[in-house]
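[1] Test case, fold it:
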Amino acid sequence: MSPCKNEFHKAGQMVKRLLVGIAGTPSLPAKIECAIDIAKRHRAEISLVSVVDVDRLSRVGPVPLGAGAYAQNMRDSRIAKSHALDENAIGKFEEACRQADVPVRTIRREDQPLDVLAAVWRYHDLCLLGARGWFDYGVMPEPEDGLLNLIAKGVRPILTVSETPRTVRRVMIAFNGSLQSAKAMKRFIQMALWPDVKIHIVCVGEPETGESAAGLLEEAAAYCKMYGHDPSTEQADGDVQDALLGMAESAGADLIVLGSSYRKLLMRQRFGRNALGLIQRSDVPLFMSH
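    Got it, this is the predicted structure:
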């Protein structure tokens, strides 16, 4: 008989500090709802980190002769706008936490966002960010790349949210037999962020280990059952991104779990390419680890 989920939840409770990258972007309501939900379930505290990249915001391009004052006003305006948007978002988040009786603290910095987040991350269990457009309101090029770079820096696991708040009831785990995908699966299961979710484990194509997809899925399901879940499984062929998105839609997934390897991520192969594509194309939140 599988152990009771609540027994594992009480024994584990691995989330005690949740780090949230704060910004006045459209994903703010989803961040607030998701962070408070997890914090209340795990009796955790929330750390809000606000980073204004003054150096990047100050880059206004070539300045014509005599236009120095105008350029400086532009720089000051962009920096002030970023601070104002952050403070507005912080106020909304802190008020929501007070109403929910969730402990919250705020960290404010003026620096390079990725470096700050990586440094602050050392004392937290889970990092929650918007999948698109975070920290400096479109000034950072390719924010999806920023998420992958954070994982390469060692910030993991990362939970991304879309612009629309959603309750996590069904989770799809992408599993190909690699140690990286196994680590991500185990990390998610052991953290028990939502202990009563329905798990669906999928494998796309032939496993890189050379084993049969059916055998891998059976073993992965057996592991999840030890933690009180009763997962379903599915195998598909074709393009990884298309297949994962299609299976997530058909399964009604509210979250996708992905693994990676540091080397392949930096080379933008397999996980890097597929994760970036999923971030860009999907409205389903992602749990990314390696």
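[2] Buried residues, the one helix or strand Cys224 maps to. List them.
    Assigned by DSSP states H and E, Cys224 belongs to helix 213-225. Across helix 213-225, burial judged by 16 or more other CB atoms under 10 Å covers 213, 216-217, 220-221, 223-224. C-beta here means a position set from N, CA and C on the backbone, and glycine is covered the same way.
[3] Stretch 22-29 too?
    22-25, 27-28.
[4] what is the mean pLDDT for the helix or strand harbouring Ser77?
    Element membership for Ser77 (DSSP H and E) is helix 68-100. Here helix 68-100 scores 88 as its mean pLDDT.
[5] contacting residues for the closest residue to Leu28 other than its chain neighbours?
    Of all residues not flanking Leu28 in the chain, Ala89 sits nearest, at 5.4 Å (CB to CB, 6 or more residues apart in numbering). Ala89 sits next to 22-25, 28, 50 when contact means CB atoms under 8 Å, 6 or more residues apart in numbering.
[6] make it 10 Å
    Ala89 makes contacts with 22-25, 28, 31-32, 48, 50, as judged by CB atoms under 10 Å, 6 or more residues apart in numbering.
[7] what's the nearest residue to Asp86 if we skip its chain neighbours?
    That would be Ser50: by CB to CB, 6+ apart, it lies 4.4 Å from Asp86.
[8] Helix or strand: which one has that neighbour?
    Counting by DSSP H and E, the element that carries Ser50 is strand 45-52.
[9] For that strand, which helices and strands make contact with it?
    For strand 45-52, the packing partners by 3 or more CB pairs under 10 Å, 6 or more residues apart in numbering; DSSP states H and E come out as strand 17-21, helix 28-42, helix 68-100, strand 104-110, helix 113-121, strand 126-130.
[10] I'd like to know which of those lies nearest to Val240.
    Nearest to Val240 among the helices and strands packed on strand 45-52 is strand 126-130 (22.8 Å), distances taken as CB to CB.
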